[in-house]
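>>> any chance you could fold what I've pasted below:
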Amino acid sequence: MHRLAYDAEATVFIVDGNDGEERESLVSLTLSAGYRVTVFSSEQELMCGQLTDGPGCILLDTRTLHSQGTHLLEQLHYTHYSLPVVFIAEAGQLAVAVRNIREGGFGLVAKPFHEQDLLQAVKEAMDESHRRRDRNNRSREVVERLSALSLREKAVLDLLIRGYSNKMIADALHLSPRTVEGHRARLMAKMGASSLAALITKYLLARPGADPAKLDIPRTE
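Numbering: from 1, shown residues only. Got it, this is the predicted structure:
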């Protein structure tokens, strides 16, 4: 019995240009797990199609690739889609799949595969999709907060991120330490940060591809 999808809004985008029983079996399997399914015959068709802004993942048969997969991953990155890509590969295509995982692909399912192994890979990709969407949402919020800062507050923030103390900032911007303290307090409030570590985390979150969980954030002021 197949495991049901935990999110009925999640979509599996299958990219497989090989018409026939194998593709139909893959579609039936993912549908039976409770996911929505959309099928594309090529990576070009995928990128020209309507991709969801909701949770989802891409199941891509490596036999369909025309650019070794790296072009697709680059396009997904620059269009900001948070869709993990799981490669399905035969023995002769494993090297291509592994190379793509190193370039940003999410997972690999080797043929022949057990149905539960494929569904587990999809489930893990959906979990990752939710994490990426959450990070993207938080990143957009931080960008909005940054845009609300005054030019002077942005200048103080830039120096704080570089590790400057209040006195060093005052010297660099030709301000009094008290004035710097005022700017710092206001920008911290606008950014919703209670500490320097939280401020740095938020600042880096606004950078494309930044993952604060992997950053070495200072813990003291």
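>>> do you know the pLDDT at the residue lying closest to residue 84 once chain neighbours are set aside?
Nearest residue to residue 84, sequence neighbours excluded (Cβ to Cβ, 6 or more residues apart in numbering): residue 106, at 3.5 Å. Backbone N, C-alpha and C define where each C-beta goes, glycine included. Note for residue 106: predicted pLDDT of 90.
>>> need phi/psi at residue 106.
phi -100, psi -40 (degrees, to the nearest 10).
>>> what residues are up against it?
57, 84-86, 124-125, 128 (Cβ atoms under 8 Å, 6 or more residues apart in numbering).
>>> quick one, helices of the chain?
21-32, 43-48, 70-78, 94-102, 115-147, 151-161, 166-173, 177-191, 196-205 (DSSP state H).
>>> how far off centre is the fifth one?
Distance of helix 115-147 from the chain centroid (Cα atoms, centre = their mean, to the nearest Å) equals 6 Å.
>>> quick one: low-confidence parts of the chain?
Within the chain, the ranges that satisfy pLDDT under 70 run 1-8, 66-71, 77-81, 207-221.
>>> circling back: any chance of the helices of the chain in a markdown table, with distance to residue 12 and mean neighbour count too?
A markdown table is the format used below for these (distance: least, Cβ to Cβ, whole Å; neighbours: other Cβ atoms under 10 Å):
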| stretch | distance to residue 12 | mean neighbour count |
| --- | --- | --- |
| helix 21-32 | 5 | 15 |
| helix 43-48 | 12 | 17 |
| helix 70-78 | 15 | 16 |
| helix 94-102 | 18 | 16 |
| helix 115-147 | 6 | 16 |
| helix 151-161 | 40 | 17 |
| helix 166-173 | 50 | 16 |
| helix 177-191 | 37 | 16 |
| helix 196-205 | 28 | 18 |
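>>> how close does the residue nearest the centre of the chain get to residue 138?
Central residue of the chain (Cα atoms, centre = their mean): residue 132, 3.9 Å from the mean position. The gap separating residue 132 from residue 138 is 11 Å, by Cβ to Cβ, to the nearest Å.
>>> next: residue 42.
In terms of Cβ to Cβ, residue 42 sits 34 Å off from residue 138.
>>> now do the contacts for the residue in the chain sticking out farthest from the centre.
Residue farthest from the centre of the chain, counting by Cα atoms, centre = their mean, is residue 176 at 41.6 Å. Contact analysis of residue 176 by Cβ under 8 Å, 6+ apart lists residue 170.
>>> next: the one 10 residues further on.
For residue 186, the residues meeting the contact criterion (Cβ under 8 Å, 6+ apart) are residue 153.
>>> let's have the contacts of residue 106 in TSV, adding distance to residue 162.
Below are the contacts of residue 106 laid out as TSV (distance: Cβ to Cβ, whole Å):
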residue	distance to residue 162
57	38
84	34
85	36
86	40
124	38
125	38
128	32
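>>> for residue 99, state which of the residues you listed is nearest.
residue 85 (12.7 Å; Cβ to Cβ).
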